[in-house]
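> Pasting the sequence and the predicted model now:
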Amino acid sequence: MLGDPEAWTEAAHNDCHVPFDVVLSDPALEFSDLYRLVDVYAVRAIRVTIPAAPGLTKAIRLAAALRLPVRVLPGQPSPDVLKELHDALELYLHEPTVEAPVEFFHSLLATMCDGDADSLWMILEEDPDAFHYYVADGQTRVPRTGDSGGPEIASAGFVDNHLSRLIAQGAECATCPWQQPCRGYFKWPDPAYSCEGVKQLFFSIQTAGNEIRRDVASLEASDTGILSESGEVTR
Amino acid sequence: MSERVFSVILLPTSDCNVACDYCFEHKEPHRLSLVMLPLLTRRLLDHIENEHIEECEIYWQGGEAMIMGPAWFEKAGEIMDRAAAERGRRFVHYLQTNLIGYSPTWNGVIRGMFDGSLGTSMDYPNIHRKLFKGGAAAYTKLWSTRLREAKAAGIAVGVIAVLHKGSLEVGPERFYRYFTEELGLSDFQVNTPFPGGPAKEVAGGFQLDSSELAEFMIGLFDIWMAEGYESGVSVGPFDALIDHFTGKQARLPCIWKENCSNQFISVDAKGSVAQCDCWVTSYPEYFFGNMFREPDLTGMLKTSRARRDFVERPKRLVEDEDCLSCRYLSICHGGCPVRTYSALGTMMAKDPYCEVYKAVFACAEAHGGDILRARAAPIISLRERHKAADPCVVN
C-alpha cells in the first residue's frame, strides 16, 4: 500500500489512533515512499518493517531521518545483504542523528548492556508461542516458512525445540557465544546456514554494549564518590 | 484531535506602499473585502475540521498588510475568531509588515489580535528597500522611527533580514551589531535571497556565492553564540538549530521541513491558493485552485496536480540527488522548493543553497556539542577531583 498516495492521505485524515506497522516488500524500490508517512505519523504511531533485502540501508536511512521506528527482519541474510546490515548497524550505533529505535539492533544492544536476555525471536515478534501468524485454515504458522515450501504449523515450545534440535545435530549454535540472544534464529528455516557473517553483527553490538556498560559503571562509581563528598550518601 | 499545526499565509492585499528592488511579488491593488472574509473563514474551518486540527495559524502579510488599516483588521479578527469559536476551533493571528504605515492607531489591534507582537523586515546595509520617494536612506530612517515608536508602545518586534552582497561585504560582526546594538533588537532572523517573480532579472544579481555566504553565516553564528545566546538574543534560524542539536524540541523554518506541503498554504486577496506567499504572488502556474470558486479546500489540496509536485519533491530528491547520504537529511529534506524553482526552473532538485545549509548545520552541531559538554562540565570536574583525591584510583 505504500505506493498508493491516496491511502496515506486518508490515513492522515483519520482521527483513529490505531498504530500502523508499515511493511516494505522491496526496500530498494519503496524506500522513498516513506515520505508518504510523514502526515500519518503526526496522527498515529507508525513502525516500519523492512526485510533484509537490497536497499535496506536506504530505507533505514530515510526512516531514521523521518524519526520512524524500524524493525529489520534479517531472516537468513545473503552476503550482499549482510554488508547492508553492517552499514545499517554502523549508522544506528554511531550516527547521532538517528533518534528512533532500529530493531533488532536496539533491543539486542539493550540486552547486551544489562544482560537481561531476550531472544531475537521475541525481539522480532517471531516466537510462535508469543506471536501468532494465522494461515488461511486458522492455524498458526512459523514465520519465514513461506519461502521454503508449505507453511509449517507452529507447535508449543517451538523455539526451545528448534534450538535443542540444532544442538543435537552438532550445529555451531552449541558453542556460539550469542546462543542465548539468538536461540537458533539464523538457523531457520535452513539449519545449514553459515552464521559467520551474523556473528560479526553480534560482535559489533556486543562491543558497543560493553563500552556502554563500562561507561555506566564508571559513571556510577564516580557518582557514588561525588554524592559521598557532598555528604548526601556515605559509603 | 490531531496535534498537527496548519498555517495559512493570508495576503489581504498584494498592494504595497514601498518599492524594494528585490520584491518577488506581482503588486496588485486588489484587496480582500470583509464581505468575502466569512466565506474564506468557512472554507478554512471546514478544512481544519476535515483534518481534525484544532488550531490554525494565520500569518497576515502582503503586499503590505497595514495598507488594510487597523479598523479592517479589527473587524476581520472579530469575524474569523467568532466563526472559529462557534465551531470549537481557534485562529492564532500573526502580523508581518514593513512597519512603514505603523502609527499608534494600530496599537489596540496589535495588542488584541496579534498578542502585542509583529514581524517586520530590514536589511543591513539597507540599499534595496526603498520608499517611492526618497530611496533607501529615507526608508531606513522612516522604518527606524517606526520601530522605535512600536517598541516604545510595548510591542514586541521581530525582524527578518535578507542577506545580499552588501551584507557579506560589511561582514557578520557589523551586521550583528547593527541589529542588536543600533536597533536594540533581541529577536531577528536571517533569510537567504532568491530570484523569484517579476524581480527575477534584478534579483539575479542577488545570487550569492555559496562559500562567501556560508562564511558569513558561520561568522554570524559564532558571534551570536559568543555574545547573544546566553543573554537572551534570538537569531533565527540558528536558535532553532541549537535547540535541535541540544536535544530540545525545535521548530525549524519551513525551508527545512520534511514536506512543506503538509504544513501550510497561502491565500491571496482574490482567493488564489498556493504553497506559500512566494508562490501565490509569483507563480500562477503553481496555483492549487481558488478558495472562492471551489467549495472544498480539502478536496482541492488532495486533487491539485500542482500540489502533487510539492508532495512528491522530497521523495524525488532522495532518489535522484545526494540527499539520502547527507547526515543532515533529517533537518533539511532538500531545502526550499521556491528557492530551487526560482534558481533552476524546476523544483525537482535540491536547494541551490545546499552547501551553505550544510556549513550552518555543521556549525550548529559543533556549538550544540559545546553546550552539552559545558553543561556536563561541573559533574565531570567533580568526578575528576574525586578521582584525584581517591588513592585507589590509578590515573
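Structure received.

> wait, A:Pro5 sits on A:Tyr35?
No. Using Cβ atoms under 8 Å, A:Pro5 makes no contact with A:Tyr35, being 10.0 Å away. Bear in mind the C-beta positions are built from the backbone N, C-alpha and C, glycine included.

> Look at the two and report which has more neighbours.
Set side by side, A:Pro5 and A:Tyr35 show more neighbours around A:Tyr35, with 25 against 16, by other Cβ atoms under 10 Å in any protein chain shown.

> how about the strands in chain B?
B:6-10, B:55-60, B:90-95, B:117-121, B:156-162, B:187-191, B:234-236, B:264-267, B:272-274, B:289-290 (DSSP state E).

> Just give me the longest helix of chain A.
helix A:196-229 (DSSP state H).

> which of the residues in it are buried?
A:197-199, A:201-202, A:204-206, A:208-209, A:222, A:225-226 (16 or more other Cβ atoms under 10 Å in any protein chain shown).

> and chain A, which residues reach chain B?
A:5, A:9, A:13, A:15, A:31-33, A:35-36, A:38-39, A:42-43, A:58, A:61-62, A:64-67, A:95, A:97, A:222-223, A:225-226, A:229 (Cβ under 8 Å from any Cβ of the partner chain).

> mind checking how far the longest helix of chain A is from the chain centre?
Its chain's average C-alpha position is 21 Å from that of helix A:196-229, according to Cα atoms, centre = their mean, to the nearest Å.

> Alpha carbons of stretch A:114-122, as PDB, please.
C-alpha atoms of stretch A:114-122 as PDB (Å, rounded to 0.1, in the frame of the first residue of the first chain):
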ATOM      1  CA  ASP A 114      22.100  -5.100  31.000                       C
ATOM      2  CA  GLY A 115      22.400  -8.800  30.500                       C
ATOM      3  CA  ASP A 116      18.700  -9.300  30.600                       C
ATOM      4  CA  ALA A 117      18.500 -11.700  27.700                       C
ATOM      5  CA  ASP A 118      15.600 -11.600  25.300                       C
ATOM      6  CA  SER A 119      15.900 -13.700  22.200                       C
ATOM      7  CA  LEU A 120      15.700 -12.400  18.600                       C
ATOM      8  CA  TRP A 121      12.600 -14.500  18.100                       C
ATOM      9  CA  MET A 122      10.900 -12.300  20.700                       C
END
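
> Distance from it to the middle of the chain?
11 Å.

> what comes up buried for it?
So, applying 16+ other Cβ under 10 Å, buried residues of stretch A:114-122: A:Asp118, A:Ser119, A:Leu120, A:Trp121, A:Met122.

> Give me the subset of the residues you listed that lies in helices.
Per DSSP H, the subset of the buried residues of stretch A:114-122 in helices is A:Leu120, A:Trp121, A:Met122.

> In chain A, where is pLDDT below threshold?
Along chain A, the model assigns pLDDT under 70 to residues A:14-15, A:146-151, A:223-235.

> Distance check, the most centrally placed residue in it against chain B.
Centroid-nearest residue in chain A: A:Phe104, 1.8 Å away (criterion: Cα atoms, centre = their mean). A:Phe104 is 22 Å from chain B, where distance means Cβ to the nearest Cβ, to the nearest Å.

> Who's the closest spatial neighbour of that residue, skipping the chain neighbours?
A:Ile123 (4.9 Å; Cβ to Cβ, 6 or more residues apart in numbering or on different chains).

> do A:Glu126 as well
Closest to A:Glu126 by Cβ to Cβ, 6+ apart is A:Pro143, at 4.2 Å.

> My guess is that neighbour contacts A:His132. True?
No. Contact criterion Cβ under 8 Å: A:Pro143 and A:His132 do not qualify, at 10.4 Å.

> Have a look at those two and say which one is more surrounded.
The residue with more neighbours, out of A:Pro143 and A:His132, is A:Pro143; 21 against 10, by other Cβ under 10 Å.

> residue contacts, the more buried one?
By Cβ atoms under 8 Å, 6 or more residues apart in numbering or on different chains, the residues touching A:Pro143 are A:Glu126, A:Pro128, A:Tyr133.

> do A:Leu120 as well
A:Leu120 sits in contact with A:Phe104, A:Leu108, A:Glu126, A:Pro181, A:Cys182, A:Arg183, A:Tyr185, where contact means Cβ under 8 Å, 6+ apart.

> what number of residues lie near the one residue in the stretch 51-200 of chain B that gets nearest to chain A?
Here the residue of the stretch 51-200 of chain B nearest chain A is B:His52; by Cβ to the nearest Cβ that distance is 4.4 Å. Using other Cβ under 10 Å, B:His52 has 16 neighbouring residues.

> Which other helices and strands does the longest strand seen in chain A contact?
Counting residues, the longest strand found in chain A (DSSP E) is strand A:46-51. Other helices and strands packing on strand A:46-51, by 3 or more Cβ pairs under 8 Å, 6 or more residues apart in numbering or on different chains; DSSP states H and E, are strand A:20-23, helix A:56-65, strand A:70-73.

> Any chance you could list what contacts the second one?
Residues outside helix A:56-65 that contact it (Cβ under 8 Å, 6+ apart) are A:24, A:27-28, A:30-32, A:34-35, A:48, A:50, A:69-70, A:72, A:81, A:84-85, A:87-88, A:91-92, A:95, A:97-100, A:102, B:318, B:324-325, B:329-330, B:333.

> Helices of chain B, start to end?
Under the criterion DSSP H, helices of chain B are mapped to B:37-50, B:70-86, B:107-113, B:135-152, B:165-170, B:172-177, B:200-203, B:210-223, B:238-245, B:277-282, B:297-303, B:305-320, B:337-344, B:354-389.

> buried residues in the first one?
This points to helix B:37-50. Those buried within helix B:37-50 under the rule 16+ other Cβ under 10 Å are B:Leu37, B:Leu40, B:Thr41, B:Arg43, B:Leu44, B:Leu45, B:Asp46, B:His47, B:Ile48.

> other SSEs contacting it?
strand B:6-10, strand B:55-60, helix B:70-86, helix B:297-303.

> Let me have those in CSV, extended by mean pLDDT and mean neighbour count.
Listed next are those as CSV, based on pLDDT from 0 to 100; neighbours: other Cβ atoms under 10 Å in any protein chain shown:
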stretch, mean pLDDT, mean neighbour count
strand B:6-10, 96, 22
strand B:55-60, 96, 20
helix B:70-86, 98, 16
helix B:297-303, 92, 18
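
> before we move on, the earlier item: which one of the buried residues of helix A:196-229 is nearest to B:Ala76?
Closest to B:Ala76 out of those is A:Ala208 (57.9 Å), distances taken as Cβ to Cβ.

> Wait, that closest one touches A:Glu90, no?
No. Contact criterion Cβ under 8 Å: A:Ala208 and A:Glu90 do not qualify, at 10.3 Å.

> who touches both of the two?
Contacts common to A:Ala208 and A:Glu90, judged by Cβ under 8 Å, 6+ apart, are absent.

> Start and end of stretch B:275-291, how far apart?
13 Å (Cα to Cα, to the nearest Å).

> which residues are contacting it?
Taking Cβ under 8 Å, 6+ apart as the rule, stretch B:275-291 contacts B:9, B:11, B:14, B:24-26, B:39-40, B:43, B:61, B:194, B:196-198, B:254, B:260-261, B:264-268, B:270-274, B:297, B:300-301, B:304, B:306-307, B:309-310, B:337-338, B:341-342.
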